[in-house]
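# Here is a sequence with its predicted model. Questions after.
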Amino acid sequence: MSLKNYILDIQGFPKEGILFKDITPLLINADASKNCLKILVSSLKDKKIDKVIGVESRGFLFGMLIAQEVNVGFVPVRKPNKLPYKTISATYDLEYGTDTLEIHIDAIQKGDRVVIHDDVLATGGTIKAVCELVERLGGEIVQCNFIMELSFLNGREKVKEQEIFAVIRY
């Protein structure tokens with residue numbers, strides 16, 4: 001099963017000049033979703049993990065499932081003012097602007113071994129910001145994993161010290 005068949009190209013979203021890779025067809029198809037989850041989890045075989053982070057919002061979808069499969073806690077990283085407790089934040093550049101992410105100050109303990117999951121690795125700004133948050137809280141990043149990587153945008157360069165895994169690469 002080629003999971004690329006379940007990714008839809010949307011021209012001009014969220015703004016003109018952007019080709020958005022939509023995972024909705026992957027989510028709609030139960031077999032494709034199960035296969036994607038199986039591949040994501042298999043990339044973590046023999047790794048000691050304490051927590052899985054999911055990045056708002058599409059990173060929550062598989063992030064929570066990965067956490068359940070490897071039997072660890074799930075930590076949401078969200079946009080500003082969405083988390084109810086004390087947070088730290090990091091601001092980053094997108095391919096079409098800037099944004100900020102936050103995490104609860106008690107979500108990661110010193111020495112926690114963390115997997116960070118998001119749907120796509122594009123320019124690398126988002127994942128770099130999340131890595132910064134984890135490291136500021138004393139966590140160790142085991143892997144950054146994604147449903148897809150847009151390798152032509154060189155996002156991997158912003159986090160080259162991290163292990164990166166993507167199910168699909170463009």
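Thanks, I have it.
# for the protein, what spans make up the strands?
Assigned by DSSP state E, the chain shows strands spanning 8-11, 19-22, 51-55, 73-77, 87-94, 97-104, 113-121, 140-149, 164-169.
# Name every strand pairing with the first one and say which way it goes.
Yep, that's strand 8-11 we're talking about. strand 19-22 (antiparallel) (DSSP bridges).
# Please name the nearest non-neighbouring residue to residue 145.
Leaving aside its chain neighbours, residue 145 sits nearest to residue 165 (4.3 Å; criterion: CB to CB, 6 or more residues apart in numbering). Every C-beta, even on glycine, is put in place using the N, C-alpha and C of the backbone.
# wait, that neighbour sits on residue 143?
Yes. Assessed by CB atoms under 8 Å, residue 165 is found in contact with residue 143 at 5.8 Å.
# thinking residue 78 is in contact with residue 59, fair?
No. If you go by CB under 8 Å, residue 78 and residue 59 don't touch, sitting 10.1 Å apart.
# Those two: which has the busier surroundings?
Shown here are residue 78 and residue 59; by other CB atoms under 10 Å, residue 59 has more neighbours (26 against 19).
# Mind pulling up the pLDDT for the residue most central in space within the chain?
Centroid check for the chain by CA atoms, centre = their mean gives residue 118 as the closest residue, at 1.7 Å. pLDDT for residue 118: 98.
# What separation do you get for it and residue 46?
Here residue 118 is placed at a distance of 23 Å from residue 46 (CB to CB, to the nearest Å).
# so what's residue 152 up against?
residue 170 (CB atoms under 8 Å, 6 or more residues apart in numbering).
# From residue 110, how far off is it?
37 Å.
# if I look at the residue nearest to residue 145, how far off is residue 82?
Residue 165 is 27 Å from residue 82, by CB to CB.
# Compare those two and say which is more crowded by neighbours.
Ranked by neighbour count (other CB under 10 Å), residue 165 and residue 82 place residue 165 first, with 18 against 13.
# re the thing from before, if I look at the residue nearest to the centre of the chain, how far off is residue 130?
With CB to CB as the criterion, residue 118 and residue 130 are 8 Å apart.
# And for residue 170?
From residue 170 over to residue 130 the distance is 21 Å, taken as CB to CB.
# more neighbours, the two?
Ranked by neighbour count (other CB under 10 Å), residue 170 and residue 130 place residue 130 first, with 26 against 16.
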